[in-house]
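Asker: Pasted the sequence and its predicted model underneath.
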Amino acid sequence: MKASELRKLTNEELKEKLVELKKKLMELRFKNAIGSLEKPSDIKATKKTIARILTILRERELGKEVNR
């Protein structure tokens, strides 16, 4: 998900999305461990999206809305 799409969401929606993505990441890591993961790149993409969400939440917490 792009940062511009994430910035349109409210803080509550971002937090819900964050929980959902963390669960997805756990499932992907489990599948990778047992060898049934088809696209290992999904792990990297999920981690990047989690980082984007955390960055946006932190920016809002500090009051530094960045318009991109």
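Answerer: Here it is on my side, so go on.

Asker: can you dump the C-alpha coordinates of the host helix or strand of Lys22 into CSV?
Answerer: Per DSSP states H and E: Lys22 is located in helix 11-34. The C-alpha coordinates for helix 11-34 follow below in CSV (Å, rounded to 0.1, in the frame of the first residue of the first chain):
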residue,chain,number,x,y,z
ASN,A,11,-5.4,7.1,13.2
GLU,A,12,-7.9,4.4,14.2
GLU,A,13,-8.0,2.9,10.8
LEU,A,14,-4.2,2.9,10.6
LYS,A,15,-4.1,1.1,14.0
GLU,A,16,-6.5,-1.5,12.8
LYS,A,17,-4.5,-2.0,9.6
LEU,A,18,-1.4,-2.3,11.7
VAL,A,19,-2.8,-5.1,13.8
GLU,A,20,-4.1,-6.9,10.6
LEU,A,21,-0.6,-6.6,8.9
LYS,A,22,1.2,-7.9,12.0
LYS,A,23,-1.0,-11.0,12.0
LYS,A,24,-0.4,-11.4,8.3
LEU,A,25,3.4,-11.1,8.8
MET,A,26,3.3,-13.8,11.5
GLU,A,27,1.4,-16.1,9.2
LEU,A,28,3.8,-15.4,6.4
ARG,A,29,6.8,-16.2,8.6
PHE,A,30,5.2,-19.4,9.7
LYS,A,31,4.5,-20.5,6.2
ASN,A,32,8.1,-19.6,5.3
ALA,A,33,9.4,-21.8,8.1
ILE,A,34,7.4,-24.8,7.0
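
Asker: Tell me the helix or strand right after it.
Answerer: Downstream of helix 11-34, the first helix or strand assigned by DSSP H and E is helix 41-62.

Asker: For stretch 1-15, measure first residue to last.
Answerer: Start-to-end span of stretch 1-15 (C-alpha to C-alpha, to the nearest Å) is 15 Å.

Asker: Now do that stretch, average pLDDT.
Answerer: Throughout stretch 1-15, pLDDT has a mean value of 92.

Asker: Which residues in it does the neighbour count mark as buried?
Answerer: Residues of stretch 1-15 classed as buried under the neighbour-count rule (16 or more other C-beta atoms under 10 Å) are Leu6, Arg7, Leu14. Yep, even glycine has a C-beta here, placed from its N, CA and C like the rest.
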